[in-house]
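Engineer: my questions concern the predicted model and sequence given below.
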Amino acid sequence: MVRLGICDRPQEQGQAFREVQSMTDILIVEDNEELAGLLCDFLRAEGYIVSVAGTGEKALALYERYGARLLVLDVMLPGMDGFAICAKIREQSNTPILIVSAKTTKDDKLGGLLLGADDYIEKPYDIDILLAKIKGIFKRRYSRDEISEGKLTLNKESRTVCKDGEPLEMTAKEFDLLLLLVENKGKALSKEFLFREVWGSDSFSEPQTLTVHIKWLRQKIEDNPKEPQKILTVWGVGYKFV
């Protein structure tokens, strides 16, 4: 049984899915509810914030209200089709667009790319290929200044952090510590390494300040700071971001 999470079917007839009430990483525009739900669930498991629209009109409304960092766009939709949506989005922004369609002729692909789509993948598709294309788009477009990890977005140029699209108050040391952890995702980093990299070997600060800053970060980024899911303690070593 696939759990659709934020894409659960609502009670109101005619609305395919409940949208995310915040900045969206990926907006899926797909009128096949089962396919959209499976894709939504898969991408959420990869750490993306996802919302879904079943029509072109709904997609534009969601995009204008909440924004998106990538559109995964079907072409054959009720009402406004995907090509029209692509053209409309390109009138106002350069948000990446990945077209996913059963329309597979050369003219279809050229049409989508000439309208401004960043890539085009045919249905049926391999989910791993689709994910690789999505990750490639995010890396090319956002990796230089921004890092996205689940609900968090770190901007290295402005030195800001957002959670669910909402800015967090962050001191300079908190930002440096969080960035170091995120850039080494999955690696257990020793307390000595973290303290040296953030505070410097000649710092007059006490090593205990690292523990305090980890506590403050958890209070800001974790849904439940008492049961952290992102910044984990590695006993006898230090901490890691997952």
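Structural biologist: Structure received. Residues are numbered from 1 along each chain as shown.
Engineer: beta partners of residue 51?
Structural biologist: The partner list for residue 51 in beta bridges (DSSP bridges) reads residue 27.
Engineer: report pLDDT for it.
Structural biologist: On the pLDDT scale, residue 51 is placed at 92.
Engineer: that one touches residue 25, doesn't it?
Structural biologist: No - using Cβ atoms under 8 Å, residue 51 is not in contact with residue 25, being 9.0 Å away. Heads up, the C-betas are built off the backbone N, CA and C, glycines and all.
Engineer: common neighbours of the two, please.
Structural biologist: residue 68 (Cβ atoms under 8 Å, 6 or more residues apart in numbering).
Engineer: residues contacting residue 127?
Structural biologist: Residue 127 neighbours (Cβ under 8 Å, 6+ apart): 39, 42.
Engineer: ok, it to residue 42 distance?
Structural biologist: Computed as Cβ to Cβ, to the nearest Å, the residue 127 to residue 42 distance reads 6 Å.
Engineer: ok, now residue 226?
Structural biologist: For residue 226, the distance to residue 42 equals 30 Å [Cβ to Cβ].
Engineer: before we move on, what about residue 188?
Structural biologist: From residue 188 to residue 42 the distance is 28 Å (Cβ to Cβ).
Engineer: what is the worst-scoring helix or strand of the chain on mean pLDDT packed up against?
Structural biologist: The weakest-scoring helix or strand in the chain, judged by mean pLDDT, DSSP states H and E, is strand 146-149 (a mean of 83). When contacts are defined as 3 or more Cβ pairs under 8 Å, 6 or more residues apart in numbering; DSSP states H and E, strand 146-149 sits against strand 152-155, helix 172-183.
Engineer: output the helix ranked longest in the chain as PDB - backbone C-alpha positions only.
Structural biologist: Ranked by residue count, the top helix of the chain under DSSP state H comes out as helix 127-142. C-alpha atoms of helix 127-142 as PDB (Å, rounded to 0.1, in the frame of the first residue of the first chain):
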ATOM      1  CA  ILE A 127      12.000   6.000 -12.100                       C
ATOM      2  CA  ASP A 128      15.700   5.900 -11.500                       C
ATOM      3  CA  ILE A 129      16.300   7.700 -14.800                       C
ATOM      4  CA  LEU A 130      13.700  10.300 -13.900                       C
ATOM      5  CA  LEU A 131      15.300  10.800 -10.500                       C
ATOM      6  CA  ALA A 132      18.800  11.200 -12.100                       C
ATOM      7  CA  LYS A 133      17.400  13.900 -14.400                       C
ATOM      8  CA  ILE A 134      15.800  15.700 -11.500                       C
ATOM      9  CA  LYS A 135      18.900  15.600  -9.400                       C
ATOM     10  CA  GLY A 136      20.900  16.800 -12.400                       C
ATOM     11  CA  ILE A 137      18.700  19.800 -12.900                       C
ATOM     12  CA  PHE A 138      18.900  20.700  -9.200                       C
ATOM     13  CA  LYS A 139      22.700  20.400  -9.300                       C
ATOM     14  CA  ARG A 140      23.100  22.500 -12.400                       C
ATOM     15  CA  ARG A 141      20.700  25.200 -11.300                       C
ATOM     16  CA  TYR A 142      21.000  25.400  -7.600                       C
END
